[in-house]
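Colleague: Attaching a predicted model along with its sequence, questions to come.
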Amino acid sequence: MSIIISDEILCTTRMTESEMKLEIAVMLFQKEKLTLGQASRFADMNRIAFQHLLASRQIPVHYDVKDLEKDIENLHKMGIL
């Protein structure tokens, strides 16, 4: 599915297409509709740069106990722990 954002909307918001995509990505991440990886890809940014952007806006990265347990499990499988 493709979404077309008219030039009128971009002009009204005084945003470029990439700025609009970035704002949508941040909003969807903040609402927990996209993961960090999905949101950074949507915004055409690498994950670290996207994390820095979130930090500059004081938006916390979603990381709960379930995520921690999965990371520990993966580290065990890799022989790191």
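Modeller: Thanks, I have it. Residues are numbered from 1 along each chain as shown.

Colleague: Which stretches in this structure count as strands?
Modeller: When assigned using DSSP state E, the chain turns out to have no strands.

Colleague: And the helices in it?
Modeller: Using DSSP state H, the helices assigned to the chain run over residues 7-13, 17-30, 36-42, 47-56, 65-77.

Colleague: Extract the C-alpha trace of stretch 46-54 and format it as CSV.
Modeller: The C-alpha trace of stretch 46-54 is given here as CSV (Å, rounded to 0.1, in the frame of the first residue of the first chain):
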residue,chain,number,x,y,z
ASN,A,46,20.2,4.0,10.6
ARG,A,47,19.1,2.7,14.0
ILE,A,48,21.7,4.6,16.0
ALA,A,49,20.8,7.9,14.4
PHE,A,50,17.1,7.3,15.0
GLN,A,51,17.9,6.5,18.7
HIS,A,52,19.8,9.7,19.0
LEU,A,53,16.9,11.6,17.5
LEU,A,54,14.5,9.9,20.0
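
Colleague: who's in contact with it?
Modeller: Stretch 46-54 is touched from outside by 22, 25, 26, 29, 36, 37, 39, 40, 43, 45, 60, 61, with contacts defined as CB atoms under 8 Å, 6 or more residues apart in numbering. Where you see a C-beta, it was placed from the backbone N, CA and C, and this is true even at glycine.
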